[in-house]
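Chemist: Generate a structure from the sequence data that follows.
(one chain, ligands or ions: 1)
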Amino acid sequence: DRTVVLITGCSSGIGLHLALRLASDPSQSFKVYATLRDLTAQGPLLEAAQARGCPPGSLETLQLDVRDADSIADARAHVTEGRVDVLVCNAGRGLVGPLEAHREGAVDSVLDVNLAGTVRMMQAFLPDMKRRRSGRILVTGSLGGLIGLPFNAVYCASKFAIEGLCESLAVVLQSFGVHVSVIECGPVRTAFPEKLEDGLGGILDRADAETRDLFSRYLSHFEQTFLEAAQDPKEVVEVFLQALRAPRPALRYFTTEHFHPLIKLRFSDPSSSSYVAAEHQRVFGDQATEGFEGTDCGEAEAGAGDLGPSELGAPLATPQ
Ligand code: NAD
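Modeler: Numbering: from 1, shown residues only. This is a model prediction of the structure:
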């Protein structure tokens, strides 16, 4: 019997590449339901499937909008095998800009897709997995779910929420032989920046001049990081396969080690003071001024010690 995989957000990016990778696997052991919010956007996926020679019946597209429980139920009813072995919660939207510049509705919309959408998918598919005492859920996680990235506050809130959601479920699911894994991605070359909720920045004149200046410095920093560290979706989807094949999958997988020093810094100092200072320095390249009290507690120093300037490619605000 083939492994039945259902993936959300397959019109582009990671979802599209994962669907293709599984449907064209030489083992021919996967049946992929590639779902899209808008089926009229399935052209690129279907063309790529043809070009890759996906065998007939290996890939089927279904309409599924994670914001709409009825649309999820309809998609589930179209799974002819009557079960989903691997659910991939991948649909997501970004929101970038000063908090005060986000348009009415943008915040709700991002939380609805990234967080409530993931919950809805799990509510629809988990009960059957628990009943069968088998199944895997892979969730596309983000560096922004592990550390607070400037000018991504609401996106980070949604992705931090995913971490809590999955970690909490993982504990209960130990009893059922069902596994949930978050695939933590750094920057990936996808349509993500073009599909940002609210465009780039939102209504910028709602923010003060200093914030706008910081935002433009963030954008250049982001561009630089993207050039240095962005991964190809093809590389990223191999990590999904690793999680999918592991006999006892872990809760978290990382597609890159590039950001490990920052993540370690964040978690080694529970006060997070050293992370906040280091991230300000990394992104804005100068010392924080007003309100910056330094990180003069022992724990903070121990944490910052893990992180050498060479690892971050920029001098750090080391709390000496
Ligand atoms: P992408 O924009 O190419 O793909 C996201 C997909 O989700 C798109 O196909 C989009 O149409 C779909 N989507 C949006 N709203 C939806 C809805 N309501 N219902 C169903 N589908 C919906 O970008 P991507 O980079 O492939 O993003 C996939 C996931 O990866 C997202 O969860 C994103 O947060 C995460 N991620 C991306 C990056 C990156 O740098 N690209 C980094 C870390 C994490």
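
Chemist: Stretch 48-63: which residues count as buried?
Modeler: Across stretch 48-63, burial judged by 16 or more other CB atoms under 10 Å covers 48, 49, 54, 58, 59, 60, 61, 62, 63. Any C-beta I mention is one placed from the backbone N, CA and C, and that applies to glycine too.

Chemist: export those residues to TSV and tack on secondary structure and pLDDT?
Modeler: Formatted as TSV, those follow (DSSP: H, G, I helix; E, B strand; the rest coil; pLDDT from 0 to 100):
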residue	secondary structure	pLDDT
48	helix	97
49	helix	97
54	coil	96
58	coil	97
59	strand	98
60	strand	98
61	strand	98
62	strand	98
63	strand	98
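
Chemist: a markdown table for those, including distance to the ligand?
Modeler: As requested, the buried residues of stretch 48-63 are exported to a markdown table (distance: CB to the nearest ligand atom, whole Å):
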| residue | distance to the ligand |
| --- | --- |
| 48 | 13 |
| 49 | 15 |
| 54 | 18 |
| 58 | 20 |
| 59 | 15 |
| 60 | 16 |
| 61 | 12 |
| 62 | 11 |
| 63 | 9 |
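
Chemist: Mind putting these into CSV with distance to residue 158?
Modeler: Putting these into CSV (distance: CB to CB, whole Å) gives the following:
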residue, distance to residue 158
48, 28
49, 30
54, 32
58, 32
59, 29
60, 29
61, 26
62, 24
63, 23
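
Chemist: from the residues you listed, which is closest to residue 31?
Modeler: Set against residue 31, the nearest of these by CB to CB is residue 58 (6.6 Å).

Chemist: roughly how far apart are the residue positioned nearest the centre of the chain and the ligand?
Modeler: For the chain, residue 141 is the residue whose C-alpha lies nearest the centre (CA atoms, centre = their mean; 3.0 Å). Here residue 141 is placed at a distance of 7 Å from the ligand (CB to the nearest ligand atom, to the nearest Å).

Chemist: low-scoring pLDDT stretches of this protein, where are they?
Modeler: For the chain, the stretches with pLDDT under 70 are 287-320.

Chemist: what does it put close to the ligand?
Modeler: Contact residues, the chain versus the ligand (CB under 6 Å from any ligand atom): 8-9, 11-15, 37, 65-67, 90-93, 113, 117, 140, 142, 185, 187-188, 190-192, 195.

Chemist: Please pick the buried ones from those residues.
Modeler: Buried members of these, counted by 16+ other CB under 10 Å: 8-9, 11-15, 37, 65-66, 90-93, 113, 117, 140, 142, 185, 187-188, 190, 192.

Chemist: on that earlier part again, enumerate every residue touching the residue nearest to the centre of the chain.
Modeler: Contacts of residue 141 were listed using CB atoms under 8 Å, 6 or more residues apart in numbering, and they are 159, 162, 163, 166, 182, 183, 184, 185, 252.

Chemist: Does the fifth one touch residue 160 like I think?
Modeler: No - at 11.4 Å, residue 182 and residue 160 do not qualify as touching, with contact defined as CB atoms under 8 Å.

Chemist: So for the two, which residue has more residues nearby?
Modeler: residue 182 (27 against 18; other CB atoms under 10 Å).

Chemist: Need the three-state assignment for that one.
Modeler: Judged by DSSP: H, G, I helix; E, B strand; the rest coil, the three-state class of residue 182 is strand.

Chemist: Now for it: which residues touch it?
Modeler: Residue 182 is in contact with 138, 139, 140, 141, 145, 162, 163, 166, 251, 252, 253, counting by CB under 8 Å, 6+ apart.

Chemist: Which member of those residues is positioned nearest the ligand?
Modeler: Set against the ligand, the nearest of the contacts of residue 182 by CB to the nearest ligand atom is residue 140 (4.0 Å).

Chemist: Without its sequence neighbours, what residue ends up closest to that closest one?
Modeler: In this structure, residue 140 finds its nearest non-sequential neighbour in residue 90, 4.4 Å apart by CB to CB, 6 or more residues apart in numbering.

Chemist: quick one: what helix or strand has residue 109 in it?
Modeler: Residue 109 belongs to helix 106-111 when assigned by DSSP states H and E.

Chemist: Tell me the buried residues in that helix?
Modeler: Residues of helix 106-111 classed as buried by neighbour count (16+ other CB under 10 Å): 106, 107, 109, 110, 111.

Chemist: For the following helix or strand past it, buried residues please.
Modeler: As assigned by DSSP H and E, the chain's next helix or strand after helix 106-111 is helix 117-132. Of all the residues in helix 117-132, those buried under the rule 16+ other CB under 10 Å are 117, 118, 120, 121, 122, 124, 125, 126, 129, 130.

Chemist: Isn't the fourth one up against residue 87?
Modeler: Yep, that's residue 121 we're talking about. Yes - counting by CB under 8 Å, residue 121 does reach residue 87; the two are 6.5 Å apart.
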